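[1] let's see this in three dimensions:
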Amino acid sequence: MKIATFSVGEDQHIGIMQDESIISLTELSAEEFPPCLKTFIERNNELRARVDQLIEQSENDIVTFPLSDVRILPPLTQPEKIICVGLNYIDHCKETGMEPPSSPVIFSKYANAIIGHNEAVEIPVNSNEVDFEAELAIVIGKEAKCVSEEEATDYVFGYTIMNDISARDLQFSDGQWSRGKTADTFAPIGPVVVTHDEVGDPHNLKISLELNGEMMQDSNTNNLIFTVPKIISFLSQSMTLKPGDLIATGTPPGVGMGRNPKVWLKNGDQMNVTIEKIGTLSNHVK
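    From the prediction side, this is the model:
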């Protein structure tokens, strides 16, 4: 199931994306499906069954919008936590000149950084070295504390795409990464969240990023150093993961800072991040 948060005029909905259209669950039953994906995630077991039931019962009353008539919004806007894993592809470690870590390298972004599909990434006034990073992001489905690797995927609701935008000059001048990683608009996510059952194995997905039509990153999640279960288990030993939390799993090689000459984002650039079975997240730069 590919679930999107979207708006039609002033009205916000959640719905199921199907090819070039989207079914509004909110129109089917606003009481059961308020336009908030986090609420859906919290009531997942109950509502997933109701989706199929309602669609079957209301076949003639289903409200479907062409994608061209809607605005796709960030699937989640206020997660309790946005957790990111750095240096999680061997070749990315090499291009940054850093040793592969022995355990996951963790940093955070904040909700101010979240934007959606087709929205603009804004270059901050205090940075001249803004970079792109295509990433698979985990969406947590239920509260997880001290879970084992064997049971970790039971706590996954689904997956989405994140572009981990990074101001490299701020990131490395500060001695820690927060300011360079979580400027306004630095966490594009979406366009959908695809449920865990539809994605299947998250460790065999093609992942790529095109900048102005040129392929910059082209890899597969089978190159992750730390797997999805490892990351979830590792984090849950220290913090309680909550429904709707986002965990970005790291970026493959090809980022701007690893190139010669280096490639920094500039006004008018267009980025398209594509992950197999999820879709394409598009954002421009200003």
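[2] report how many residues lie close to residue 276.
    When neighbours are defined as other CB atoms under 10 Å, residue 276 has 14 of them. Yep, even glycine has a C-beta here, placed from its N, CA and C like the rest.
[3] then residue 206?
    The number of residues packed near residue 206 is 13, by other CB under 10 Å.
[4] if I look at it, how far off is residue 276?
    For residue 206, the distance to residue 276 equals 4 Å [CB to CB, to the nearest Å].
[5] could you do residue 264 as well?
    Plainly put, residue 264 is 28 Å away from residue 276 if you go by CB to CB.
[6] gap between the two ends of stretch 73-92?
    Stretch 73-92 stretches 30 Å from its first residue to its last (CA to CA, to the nearest Å).
[7] can you give the distance of that stretch from its chain's centre?
    6 Å (CA atoms, centre = their mean, to the nearest Å).
[8] please apply the same query to stretch 31-43.
    On CA atoms, centre = their mean, the centre of stretch 31-43 falls 18 Å from that of its chain.
[9] how about it: buried residues?
    Within stretch 31-43, the residues scored as buried using 16 or more other CB atoms under 10 Å are 32-42.
[10] by pLDDT, rank these and give me the bottom one.
    Lowest pLDDT within the buried residues of stretch 31-43 is found at residue 32 (86).
[11] give the contact list for it.
    Residues in contact with residue 32 (CB atoms under 8 Å, 6 or more residues apart in numbering) are 25, 47, 50, 54.
[12] tell me if I'm right that the first one and residue 31 touch.
    Which is residue 25. No - using CB atoms under 8 Å as the test, residue 25 is too far from residue 31 to be in contact (11.2 Å).
[13] can you pull the contacts of residue 233?
    So residue 233 contacts 147-149, 152 (CB under 8 Å, 6+ apart).
[14] now the residues you listed: which count as buried?
    The neighbour count (16+ other CB under 10 Å) marks 147, 152 as buried among those.
[15] downstream of the top helix by length along the chain, the next helix or strand is which one?
    Ordering each helix of the chain by length in residues (DSSP state H) puts helix 44-57 first. Sequence order places strand 64-66 as the next helix or strand after helix 44-57, per DSSP states H and E.
[16] specify the next element, helix or strand, located C-terminal of that next one.
    strand 71-73.
[17] what lines up beside that next one in the sheet?
    strand 2-8 (antiparallel) (DSSP bridges).
[18] starting at the chain centroid, how far to the strand it pairs with?
    On CA atoms, centre = their mean, the centre of strand 2-8 falls 15 Å from the chain's centre.
[19] and the angle for that strand with helix 44-57?
    70 degrees (axes from the mean of the first three to the mean of the last three CA atoms, to 10 degrees).
[20] what's strand 2-8 in contact with?
    The contact list for strand 2-8 (CB under 8 Å, 6+ apart) reads 12-18, 22, 35-37, 40, 65, 69-76, 158, 190-195, 198, 278-279.
[21] any quick PyMOL command for the buried ones out of the residues you listed?
    If you want just the buried ones from those in PyMOL, going by 16+ other CB under 10 Å, the selection is:
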select buried, resi 13+14+15+16+17+22+35+36+37+40+65+70+72+73+74+75+76+158+190+191+192+193+194+195+278+279
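[22] now, which of the contacts of strand 2-8 lie within strands?
    With strands taken from DSSP state E, the overlap with the contacts of strand 2-8 comprises 12-18, 22, 65, 71-73, 158, 190-195, 279.
[23] any idea how far the closest residue to residue 25 other than its chain neighbours is from residue 246?
    Nearest residue to residue 25, sequence neighbours excluded (CB to CB, 6 or more residues apart in numbering): residue 33, at 3.9 Å. Distance of residue 33 to residue 246, computed by CB to CB: 21 Å.
[24] which secondary element of this protein has the worst mean pLDDT?
    helix 44-57 (a mean of 81; mean pLDDT, DSSP states H and E).
[25] list the buried residues of that one.
    44, 47, 50-51, 54.
[26] how about stretch 99-115?
    For stretch 99-115, by 16+ other CB under 10 Å, it's 104-107, 109-111, 113-115.
[27] let's have the residues you listed in a markdown table, adding distance to residue 229 and secondary structure.
    Output for the buried residues of stretch 99-115, formatted as a markdown table (distance: CB to CB, whole Å; DSSP: H, G, I helix; E, B strand; the rest coil):
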| residue | distance to residue 229 | secondary structure |
| --- | --- | --- |
| 104 | 12 | coil |
| 105 | 17 | strand |
| 106 | 16 | strand |
| 107 | 20 | strand |
| 109 | 22 | strand |
| 110 | 26 | coil |
| 111 | 26 | helix |
| 113 | 26 | helix |
| 114 | 25 | strand |
| 115 | 29 | strand |
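[28] this completes my enquiry, with thanks.
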